[in-house]
Structures are given as C-alpha cells and as structure tokens.
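Trainee: Structure here, sequence nowhere to be found:
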C-alpha cells in the first residue's frame, strides 16, 4: 500500500473513532446523564428538598437495572416502584432474589458486591467488612437514607401480656428469659423465631422468610418474632406488642386504640408513624439505598433511585406504604 493510501486510511480511522465517541456522548446526554456527576456524586450528599415530583428528578438513566435486598422494603417496592415506572418508562427496575438464600439486607449487599445488582436496599447499616471488600474490588459503597422504620414484635393473639421492655426483648433473644411468666405473662415456654443473618443465639429457631416466621407465631401460643412494623401491624393472625425503655412507658407500634383481630381484614391496625418520627418508640431504624460508587451507570441508577424516593412524591408514597418520611 502506498504512503498516500496509508495516510488516507489512518485519517479515516481517526474520523470513525471520533464519530463513535461523539455518538456515545450524544446517547448519554440524550438519556439524561450528567457526565460530571459520576465523580461528584461520590462525596456530595443528596439534596432533593426542592424536587416535588418524579418527573423533576435529574439524571435518571435508561436501561434495565437489577435491585433487591431487605424484605422490609417489600411495601415500598409495591407502593412506590410501579409509579416510578409510569413516569420513567426507560428506567426499568427488575427485582432479583438471591439464588441460594432468603432475601435480606445482607444478601442484597453481597449481591451488589458480586455485581449481581445495580443497587440494593437495606434496613441495617453496612458492615465494616462490606466497606472493606468493596475497596478491595476497586469501588466504594454509599448508604443513602430515604425513610424511617420501626421494629415491631409479633406474638400469638392468645398471649395475655401488656408488652415488653427493650431489655426484656433482648434477653429473650439471648436465651436469658425462656418463659412468658418471667415478663408478666402466663406460665408458657417462649419460642423465639429469627433469621439466619441476624440472630445468633442457640435459643432462636431460624426461619428463612418473614412470611414463614409470622405463620409459626400464629400457630404457636408461645411464639415471638420481630421485623419491620408495616409487615406486622396490619396482620390478621398475629398481635403486635407495645414496647418501652421501661415497663411504665410502653409504646405501641400501631395507632391506638388497637383494632381487634376479629375485625380484620375489614379493619386493620395502622402503623404508629408519629411515635417512630418523634423517637418515643424505642426501636426504630433507617432504610437506605446502597449505591456502588464505581463511576459507571450502576452508580447513576442507584443515586437516581434514591433521589426519586427523596422527592416529595416519593416521600408521600413511602408514608402511604407505612413508613416515616425522612424529610
């Protein structure tokens, strides 16, 4: 090939490359990407205080994004996510269960670390080990709080007891209190149910899912289980217990007065969101979106999802799902 032809081919190759790169940039901008946000989002907190609706959220990417994690989030996924999809058709959310274990905050973070999810949902803080493993893999994890949740204790409806203190509850799950008579109830053996990723005491029978655990409590007079308040309070076959920092200040996880379970499902108890928000209820926690900060589209997807939930519309739907607005 002559030198003249070689030069022409080289120039053509450069032009094609520049055209492809320009096309990629055009596509990213067309999809709503803010290229500068890939770096800045790693250190800047989210501010959605002026965002009223889902349609006003910026930098929502296009594509299919896998997500999953805590079962506490099931009410949010049912209430909020379908509305997001009606506004942002190209921001397609696909919920993924773990292959060999029950869904949980920990399994969601594990799947995120293993590149199975674009972002995850958690009801517990990220562990130091997870932060360290992320750094070893060349990225970092960011926890973005979007709601406040309360932990509710479920017992069998036949159990005659006013409530528990936080210390009594902890002692039950530590195996130190084994009979309901020790906490003002009947002479009946306590049967605590729990989950593998959180309950380590030999006194606790581990159950794979919250649904199964609540079923066990419903058929066992001495059963007890704890999980997110929206998953307990509206149930027709278990009773949520008041809890307090001491026995004289018991606070219910439901809005009083208690609706008898005999009237359920025509009437259902509602979550006591005011007590969670004020801090009067002693067992509350934050729900957070966990973002993989790797400078790629998954990071944009996680941040966008959190921004959607933190908008006025998102916070209203979170409240409708039974949780407390964080703003």
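Mentor: Here it is on my side, so go on. Nothing here was measured: the structure is a model prediction, and the numbers come from that model. Numbers count the residues shown, from 1 in each chain.
Trainee: neighbours around residue 268, how many?
Mentor: Residues lying near residue 268 (other C-beta atoms under 10 Å) number 14. Where C-beta positions appear, they are placed from N, C-alpha and C, glycine not excepted.
Trainee: where does the stretch 1-150 of the chain dip in pLDDT?
Mentor: 1-45, 47, 49 (pLDDT under 70).
Trainee: ranges for the strands of it?
Mentor: 63-69, 91-95, 119-122, 140-155 (DSSP state E, counting those that start in this stretch).
Trainee: Give me whichever of the ones you listed is most buried.
Mentor: strand 119-122 (a mean of 28; mean count of other C-beta atoms under 10 Å).
Trainee: neighbouring strands for that strand, and are they parallel or not?
Mentor: Using DSSP bridges, the strands paired with strand 119-122 in its sheet are strand 63-69 (parallel), strand 284-293 (antiparallel).
Trainee: got JSON lines for those, with distance to residue 48 too?
Mentor: Conversion of those to JSON lines gives the following (distance: least, C-beta to C-beta, whole Å):
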{"stretch": "strand 63-69", "distance to residue 48": "19"}
{"stretch": "strand 284-293", "distance to residue 48": "12"}
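Trainee: so where do the helices sit in this structure?
Mentor: Assigned by DSSP state H, the chain shows helices spanning 3-30, 37-40, 74-79, 81-87, 105-113, 128-136, 166-174, 210-219, 229-232, 273-278, 297-310, 312-320.
Trainee: And the ones you listed: which comes nearest residue 202?
Mentor: Minimum separation from residue 202 across these (C-beta to C-beta) falls at helix 166-174, 10.1 Å.
Trainee: buried ones in that closest one?
Mentor: 168-169, 171-173 (16 or more other C-beta atoms under 10 Å).
Trainee: what's the answer for stretch 256-276, then?
Mentor: So, applying 16+ other C-beta under 10 Å, buried residues of stretch 256-276: 259, 261, 269, 271-273, 275-276.
Trainee: Nearest to residue 159 among those residues?
Mentor: residue 261 (12.1 Å).
Trainee: dump the residue contacts of that closest one.
Mentor: 157, 236-237, 239 (C-beta atoms under 8 Å, 6 or more residues apart in numbering).
Trainee: Only whichever of those residues are buried, select them in ChimeraX.
Mentor: Per 16+ other C-beta under 10 Å, the buried members of the contacts of residue 261 correspond to this ChimeraX selection:
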select :157,239
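Trainee: For the residue nearest to residue 144 when sequence neighbours are not counted, the count of nearby residues, please.
Mentor: Ranked by C-beta to C-beta, 6 or more residues apart in numbering and with sequence neighbours excluded, the top spatial neighbour of residue 144 is residue 306, at 4.1 Å. Look at residue 306: counted by other C-beta under 10 Å, it has 24 neighbours.
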